[in-house]
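# structural data only, the sequence is not supplied:
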Ligand code: NAD
Ligand code: UDP
Ligand code: UDP
């Protein structure tokens, strides 16, 4: 038989959101480390249109260069502490510096980004009826007295320390998310992200994995901060992005821990980097910074049961992938 096709729409209407079945997704902080990998994954789906807003404080356009000019992609220089007017279906709210040296650089700005930035994104979500996901952090547990940390643990956080702009800022951001949910019926999702690593991390941002890899490649001693027995659990970035998307698409508000439960001391991490990347490099003990949590490991029971998610990439598999990216950016070829 014959099918009758409706006449084509005049082009301004054809381009309007009203006539499209595409999902329009806002990623704040999308020019950063995790954000740009999230954008890559979202752009793989042809039904997604992605809008990134970023003020380029710690992120860069370079991380998104493959998408600039793509018809389903838009990049806006914008600071989330200012009002934002866009029409979207989902918001991944990542904007916030994640590395201590950057978030301590201007602590008042960090608080504003966490509090006013999250308030603005919630106001936007309310106006357009979008679902919003916040990337919170394991730092909300502070220096934890419960190990490993389940989501039900309320944390042990110093409210007036040098890290407070970040960890207390994220705690207020979580509070705002739940108050908008309860008071205005906004659909919310909260991920508590544990230490994440991978390609595109800022080379000199002071975080332990990026420091050790850059030091190993530059033949500089690996700087283990005392006592070296403090632990962290490191999640490869592709696993993290899968977890965030599952959380957004699922039915649970969270908060849900997303991280890799493999736990290492900083000395073990240094030994592993040395063995894999540069066996000749030295390991040097150096001073630590105040309020450094002594141990950290996610309890991911909820992520497994509620999202069907668990990390796939082990530290020993992820480190060489990051090494490759750092070699290219530092211009250090592999020795034959
Ligand atoms: P990142 O610093 O690489 O990315 C953050 C991005 O936000 C950058 O592109 C930066 O320019 C942008 N940004 C900062 N302030 C902004 C503002 N006021 N307005 C607009 N843009 C702004 O960090 P990341 O590692 O990709 O972290 C992303 C998110 O994940 C953050 O919310 C962070 O708190 C959270 N997180 C990360 C880790 C981790 O291990 N990387 C751990 C826990 C939580
Ligand atoms: N907001 C925004 N984009 C919008 C809607 C709101 O940035 O599309 C901001 C707005 O500037 C306000 C915040 O979100 O500061 C909270 O908005 P809400 O409507 O919840 O509160 P109100 O404007 O009533 O204080
Ligand atoms: N650390 C280290 N050497 C470095 C940088 C960090 O030993 O060059 C330690 C630091 O003391 C902390 C751990 O590594 O115990 C993780 O630090 P990072 O800043 O990467 O993340 P966070 O403290 O936010 O978990």
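Done, it's in. What you are looking at is a predicted structure, and each value in this text was computed from that prediction instead of being measured. Numbering: from 1, shown residues only. Ligands and ions are numbered 1, 2, ... in the order given.
# all helices of the stretch 101-250 of the chain, in order?
107-128, 164-184, 208-217, 237-249 (DSSP state H, counting those that start in this stretch).
# the shortest one close to ligand 3?
Right, the one you point to is helix 208-217. Yes - when contact is scored as Cβ under 6 Å from any ligand atom, part of helix 208-217 falls within range of ligand 3: 208, 211. Placement of C-beta: from N, CA and C, glycine included.
# any idea of the mean pLDDT in that helix?
In this model, helix 208-217 has an average pLDDT of 97.
# do the same with the longest one
Along helix 107-128, the predicted local confidence has a mean pLDDT of 98.
# in that helix, which residues are buried?
Of the residues in helix 107-128, those buried under the neighbour-count criterion (16 or more other Cβ atoms under 10 Å) are 109-122, 124-125.
# from those, which are also near ligand 2?
For ligand 2, the contacts drawn from the buried residues of helix 107-128 by Cβ under 6 Å from any ligand atom are 119-120, 124.
# which one of those is nearest residue 232?
residue 119 (30.5 Å; Cβ to Cβ).
# residues touching that closest one, list them.
Contacts for residue 119 (Cβ atoms under 8 Å, 6 or more residues apart in numbering) come out as residue 176.
# if you set the cut-off to 10 Å instead, what comes out?
By Cβ atoms under 10 Å, 6 or more residues apart in numbering, the contact set of residue 119 is 80-81, 112, 172-173, 176, 180.
# can you check residue 169 too?
The contact partners of residue 169, by Cβ under 10 Å, 6+ apart, come to 96, 103, 107, 110-115, 117-118, 136-137, 139-140, 163.
# if we use 8 Å, what do you get?
Listed by Cβ under 8 Å, 6+ apart, the contact partners of residue 169 are 96, 110-111, 113-115.
# now do the same for it: its pLDDT.
At residue 169, the pLDDT value in this model is 98.
# cool, and residue 240?
With respect to pLDDT, residue 240 scores 98.
# and it, how many residues sit next to it?
Around residue 240 sit 27 other residues, with neighbours defined as other Cβ atoms under 10 Å.
# perfect, I'm done here.
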